[in-house]
Structure formats: structure tokens, C-alpha cells
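K.L.:
next come a sequence and a model predicted from it.
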Amino acid sequence: MKCFYYFKDKSRSREQRSAPELKEQSNSDYSGSDRVIKSSCSANSPRGIPELYEEKAHNLRVFTFSELRQATHDFSRLLKIGEGGFGNVYKGSIKTAESTGDPVVVAIKKLNNDGLQGHKQWVAEVQFLSVVEHPNLVKLIGYCAVDGERGIQRLLVYEYVPNRSLGDHLFNRTYPTIPWETRLQIILGAAQGLAYLHEGLEVQVIYRDFKCSNVLLG
């Protein structure tokens, strides 16, 4: 996925970071299109994304490459559910952190080393998405970072949202027509997610790529 936002600290310097994913009734496609988002520290907090990340990093699960390769049947084409500037996205199944209970279905995004994004953008996405926490935003579960015989491997593991994008349901005739009441619920959910990004974080985010293809239905 190729997606960026711009972060301003008190000195007004800017760094590229990646955008969050809008989820469920307000959820962005894992392989979504380009976007630009501006953010700035609130007047009450000079802290930036790296500082906020330090508080949240322990919530992310660190996966081995072999775990994610097994989860996707060696990144099988049959499990591919999207692609973008970042790389391909696969549906996978992982064990819970406690290794008890049923496996958890996830979306695994694998960095394409020949793609448009690189390690810095990957780090930015990990840091930013670890800070974002809202029921209408896709949750980042964990990541994998390995430099080995297979080369540089960078992967992100998200919660899986099963029902594809709002755009698919609106424009693909194989799906039933969405009732107006449901459409209003989707709009409300999206508005709640956007309000959180704009006003609910220490770092303000203005999402500027809001469209039906970036809204996934849970």
C-alpha cells in the first residue's frame, strides 16, 4: 500500500508517515490507493508519533517469517486478497498469542522489495498504526522484520475484515443492493472513525482519501 501523512511538530518540520486504515463500517482497503494526510501535535502535547509509539509498542506481536509463511501456505496465490504499492496482501490463519483456542484469521501484508515503498515507510506504518485505537479502524496486530538468507522481509499483520469494500457492494451486481438504513449506518460508522482521527488523538490526523473503495465492511 502506498499511503502517507505529514507530521508537524512544534518546529513545523515534516516527516512522511503512513495513514491508518478505516474499518468495518468505516474501514480502508488493505491494498488501498495513494493518499496524503496532514497531522500536527495538539497544543497540549508536543509529543510526536515516535514518542507515542514507545508507549504502545508492547501491544504489538512480533512474528517470525516462518510463522507468517505457514499462515499463508507459503504466500499462496489462492490466499491473495489485494495488492498495492506496498506489496501483496494475503489472508492467513495464525495461532493466538497464548497458543490456545482456535486460530485467528488475519490479513498479512508483505513488502515488495521492488515496490514503491521501503523500510522507512514500513517503520512509519508500524509506529502510526500502533498509536491508532478505535473500533472503526483496522487494528494492527503485529509485524515481522527479518534480514536473512531470503533477503529483507517486512510484513504487517492486521485484523481481517471479511466482506470486501463498500465500492464492491455498490458497483458489483453480484452483491445484493444495500438497504438505505444500512447505508446510513455505514456513513455514521465512517464519520465516527474520521472524527477520532481528526480530534481523538494527541496527534491530529486529517484523512484526505475518503472514498467507498477505502471503506471495508465487517
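P.N.:
On my side now, so go ahead.
K.L.:
where do the helices sit along this protein?
P.N.:
Ranges of helices in the chain, per DSSP state H, are 49-56, 65-71, 119-131, 166-171, 180-199.
K.L.:
could the ones you listed go into JSON lines alongside distance to Ser213?
P.N.:
Using the backbone N, CA and C atoms, a C-beta is placed for each residue, glycine as well. Listed next are the helices of the chain as JSON lines, based on distance: least, C-beta to C-beta, whole Å:
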{"stretch": "helix 49-56", "distance to Ser213": "26"}
{"stretch": "helix 65-71", "distance to Ser213": "26"}
{"stretch": "helix 119-131", "distance to Ser213": "19"}
{"stretch": "helix 166-171", "distance to Ser213": "4"}
{"stretch": "helix 180-199", "distance to Ser213": "13"}
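K.L.:
mean neighbour count, those: which tops it?
P.N.:
Per-residue neighbour counts averaged over each of the helices of the chain give the maximum for helix 119-131, namely a mean of 20 (mean count of other C-beta atoms under 10 Å).
K.L.:
quick revisit: any chance of the helices of the chain in CSV, with distance to Arg154 and mean pLDDT too?
P.N.:
Below are those laid out as CSV (distance: least, C-beta to C-beta, whole Å; pLDDT from 0 to 100):
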stretch, distance to Arg154, mean pLDDT
helix 49-56, 16, 83
helix 65-71, 10, 95
helix 119-131, 5, 86
helix 166-171, 28, 91
helix 180-199, 25, 91
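K.L.:
so which of the ones you listed comes closest to Asp102?
P.N.:
With C-beta to C-beta as the measure, helix 65-71 is the member of those nearest Asp102 (13.7 Å).
K.L.:
can I get that closest one in PDB, CA atoms only?
P.N.:
Taking C-alpha atoms only, helix 65-71 is exported to PDB below (Å, rounded to 0.1, in the frame of the first residue of the first chain):
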ATOM      1  CA  PHE A  65       8.800 -15.100   9.000                       C
ATOM      2  CA  SER A  66       8.200 -18.900   9.200                       C
ATOM      3  CA  GLU A  67       5.100 -18.300  11.200                       C
ATOM      4  CA  LEU A  68       3.600 -16.000   8.500                       C
ATOM      5  CA  ARG A  69       4.800 -18.100   5.700                       C
ATOM      6  CA  GLN A  70       3.000 -21.100   7.300                       C
ATOM      7  CA  ALA A  71      -0.100 -18.900   7.900                       C
END
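K.L.:
so what touches that helix?
P.N.:
Here helix 65-71 makes contact (C-beta atoms under 8 Å, 6 or more residues apart in numbering) with 75, 92-94, 106, 108, 110, 144, 146, 148, 150, 153, 155, 157.
K.L.:
among the residues you listed, which has the minimum pLDDT value?
P.N.:
Scanning the contacts of helix 65-71 for pLDDT, the low point is Arg150. It has 68.
K.L.:
which among the helices of the chain is found nearest to Tyr207?
P.N.:
Nearest to Tyr207, of the helices of the chain and by C-beta to C-beta, is helix 180-199 at 5.3 Å.
K.L.:
quick check: Tyr53 touching Val131?
P.N.:
Yes. Contact criterion C-beta atoms under 8 Å: Tyr53 and Val131 qualify, at 6.1 Å.
K.L.:
about what we covered before: pick out whichever of the contacts of helix 65-71 sits closest to Glu83.
P.N.:
Lowest distance from Glu83 to these (C-beta to C-beta) belongs to Lys110, with 9.8 Å.
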